[in-house]
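>>> Here is a sequence with its predicted model. Questions after.
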Amino acid sequence: MKKLVSTLHIDKESWLQYRKQGIGGSDAGAVCGLNPYRTAIQVYYDKTSDATEDIDNEAMRQGRELEEYVAKRFCEASGKRVRRANAMFYDEKNPFMLADVDRMIVGENAGLECKTASPYSEEKWRDDKIPLSYQLQCYHYMSVCNADAWYIAVLIYGRDFKYYRIERDNEVIENLIRIEKEFWNEYVLKQVIPDPDGSKTADAAIAERFKESKSITIPLTGFDERLERRQEILSLLEKIETEKRQIDQELKLYLGDAEIAENEHYRVSWKNFSRNSIDEKRLKAEQPEIYEKYRRETISRRFTVKAA
């Protein structure tokens, strides 16, 4: 483990630039395809683009500001002491692996990762479970810092506080290094976009990257088999949707005027509900000035596939 840069007085823009020099702990889960909120494509764009990726929201801000509290609660609960590292480190054997850790444990060859979670995410931590993406983050830090273990502490807002110790697992770490090395050498350095994974997160990342279209037409090559498979999937989905709709219709006939039917396994409901909405067509015809005043135009790219 070697120090790349001190983070004691570093500004955010410089810190983001240093993060571009390799794969950090928070990138590990996405690179492995195990982060539900981030994809390998997003990590690739972050590392290869000139712009710095400054993702921030209220939950992330609260997580940063409560880091000190989580570390304090960990010390109270565990009886251990922690210290700040105040540095970004890199692995001497694999310089593309970076680590900017929350805390190091005093008197142990170990570190601490501080997390916060909403009550809606409590299930992910139940029964001593740790989200896979966070586990990989800890293994990544163990690899870079050559640590024997890593602790992870989580504050579940208004509900609970927990901490766990993750022991070093060399087999997991070796596999993680292999995946990260392939990602860095074969994709980032060669400027090759990773394959999409079919997730909604990947959808959003691609749409964000290519927001505006240009009036050009390019040859479509190498996709015939994939497009044929797409047509097969559409036909299958149509059959499945028809079967589902048939089951729904059978249930509705069974319910009749009743709102609810239930047994020990299922609860089916068919209730009335009301929804208020604006009659845009009428508003535009009768109050065009008001319509134009409050009309909001959104621009997005529509994706279609048609047989030639």
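All right, it came through fine. Numbering: from 1, shown residues only.

>>> State the mean pLDDT of the lengthiest helix in the chain.
Longest helix in the chain by number of residues (criterion: DSSP state H): helix 224-255. Across helix 224-255, the average pLDDT comes to 95.

>>> Ramachandran coordinates for the spatially most central residue of the chain?
In the chain, the centroid-proximal residue (Cα atoms, centre = their mean) is Y37; its distance is 1.3 Å. The phi and psi values for Y37, taken as degrees, to the nearest 10, are phi -110, psi -10.

>>> From R275, how far out is the nearest residue in space to A261 that is not next to it in sequence?
Distance criterion Cβ to Cβ, 6 or more residues apart in numbering; nearest residue to A261, sequence neighbours excluded, is V268 at 4.8 Å. (C-beta placed from N, C-alpha, C; glycine too.) Between V268 and R275 the computed distance is 21 Å (Cβ to Cβ, to the nearest Å).

>>> sorry, back to before: residues contacting the residue nearest to the centre of the chain?
T201 (Cβ atoms under 8 Å, 6 or more residues apart in numbering).

>>> can you check E208 too?
Applying Cβ under 8 Å, 6+ apart, no residues qualify as near E208.

>>> Now name the helix or strand holding it.
Assessed by DSSP states H and E, E208 sits inside helix 200-209.

>>> so for that helix, what's the average pLDDT?
89.

>>> try stretch 141-157
96.

>>> how about that stretch: buried residues?
Across stretch 141-157, burial judged by 16 or more other Cβ atoms under 10 Å covers 141-145, 147, 150-156.

>>> Go through these and name the one nearest N86.
C145 (14.0 Å; Cβ to Cβ).

>>> That closest one touches M88, doesn't it?
No. Counting by Cβ atoms under 8 Å, C145 does not reach M88; the two are 11.7 Å apart.

>>> Now for those two: what residues contact both?
Common neighbours of C145 and M88 (Cβ under 8 Å, 6+ apart) are A99.

>>> Only C-alpha atoms, please: export the lowest-mean-pLDDT helix or strand in the chain in CSV.
Here the helix or strand of the chain ranked lowest by mean pLDDT, DSSP states H and E is helix 58-65, holding a mean of 78. Included here for helix 58-65 are C-alpha records, laid out as CSV according to Å, rounded to 0.1, in the frame of the first residue of the first chain:
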residue,chain,number,x,y,z
GLU,A,58,-29.6,14.3,-0.1
ALA,A,59,-29.0,10.7,1.0
MET,A,60,-25.4,10.8,0.0
ARG,A,61,-24.9,14.2,1.8
GLN,A,62,-26.5,12.8,5.0
GLY,A,63,-24.2,9.7,4.6
ARG,A,64,-21.1,11.9,4.5
GLU,A,65,-22.2,14.2,7.4
